[in-house]
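K.L.:
when you get a sec, could you give me coordinates for this:
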Amino acid sequence: PAAPQAGGAPASAPSAADGRRLRFPRRARVTRGRELDAVRTGGKRIRVEFLDVRVLAVLAVPAASAGADVGGSGGRSADGERGAGSGRGASPTSGASRRAGVRVGIVVPKHRQDGVARNRLKRRLRELVRTRLLPALRDLGADGAPGAAGAGDVVIRARAEAYGASVEQLARQVERVRRE
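P.N.:
Now for the predicted structure:
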């Protein structure tokens, strides 16, 4: 691993073309089971060889409501194993409608694989989302026009075939999803 610099970032931390440091913070993630379900049921489906992707666009939000609190992780909901966030009284998309920006959820089912293979696939997908998908999505608005202010949620679900895919193959699939 690269040695940390004075600022605490690794020396080889990837950056966007415009000099921004690429991150995948919690506010850019869809983590609650109820939110994942809302995107899965109401989003536009994009299916590629290794991934099943759902995209749910939310209308542009006023600057005053951008950055509102969207809550915590709510348990094991990132994998869809438990319905988290129940009892909070919020609608599934209320967090998305209160904030600007794009959030991405990653779901990696077990598909009869062990924990090592599953975690490896999750790490690969998170890295591809962080370095390739999020920078491109941040530049697009809810209507798909560059520079338009908007918000939306994307859920990426790994198919069983993704376990045998190389990083390069997964990267090509993520690029294809980004273009669509």
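K.L.:
give me the below-cutoff pLDDT ranges for this protein.
P.N.:
Scanning the chain for pLDDT under 70 picks out the ranges 1-20, 59-100, 140-150.
K.L.:
show me where it has helices.
P.N.:
Along the chain, counting by DSSP state H, helices occupy 33-42, 94-98, 115-128, 134-138, 167-179.
K.L.:
got the buried residues for the longest one?
P.N.:
For helix 115-128, the neighbour count (16 or more other C-beta atoms under 10 Å) marks 118, 121-122, 124-128 as buried. (Glycine included, C-beta is placed from N, CA and C.)
K.L.:
okay, those in CSV with distance to residue 180 next?
P.N.:
Below are these laid out as CSV (distance: C-beta to C-beta, whole Å):
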residue, distance to residue 180
118, 26
121, 22
122, 23
124, 20
125, 17
126, 21
127, 21
128, 16
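K.L.:
hang on, the earlier thing: what's the closest of the helices of the chain to residue 51?
P.N.:
helix 167-179 (5.3 Å; C-beta to C-beta).
K.L.:
check contacts around the closest residue to residue 47 other than its chain neighbours.
P.N.:
Distances taken as C-beta to C-beta, 6 or more residues apart in numbering place residue 53 nearest to residue 47, at 7.3 Å, with adjacent residues excluded. Shown in contact with residue 53 (C-beta atoms under 8 Å, 6 or more residues apart in numbering): 45-47, 154-157, 177.
K.L.:
hmm, back to that, in a markdown table: the helices of the chain, plus distance to residue 106.
P.N.:
A markdown table is the format used below for these (distance: least, C-beta to C-beta, whole Å):
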| stretch | distance to residue 106 |
| --- | --- |
| helix 33-42 | 10 |
| helix 94-98 | 17 |
| helix 115-128 | 5 |
| helix 134-138 | 12 |
| helix 167-179 | 11 |
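K.L.:
and of the ones you listed, who's closest to residue 58?
P.N.:
When the helices of the chain are compared (using C-beta to C-beta), the closest one is helix 94-98, at 4.7 Å.
K.L.:
which residues of this protein fall in strands?
P.N.:
Along the chain, the segments classed as strands by DSSP state E run 44-47, 51-58, 101-107, 151-158.
K.L.:
give the buried residues for the second one.
P.N.:
Burial within strand 51-58, assessed by neighbour count using 16+ other C-beta under 10 Å, is assigned to 51-58.
K.L.:
tell me the angle it makes with strand 151-158.
P.N.:
Angle of strand 51-58 versus strand 151-158, following axes from the mean of the first three to the mean of the last three C-alpha atoms, to 10 degrees, is 170 degrees.
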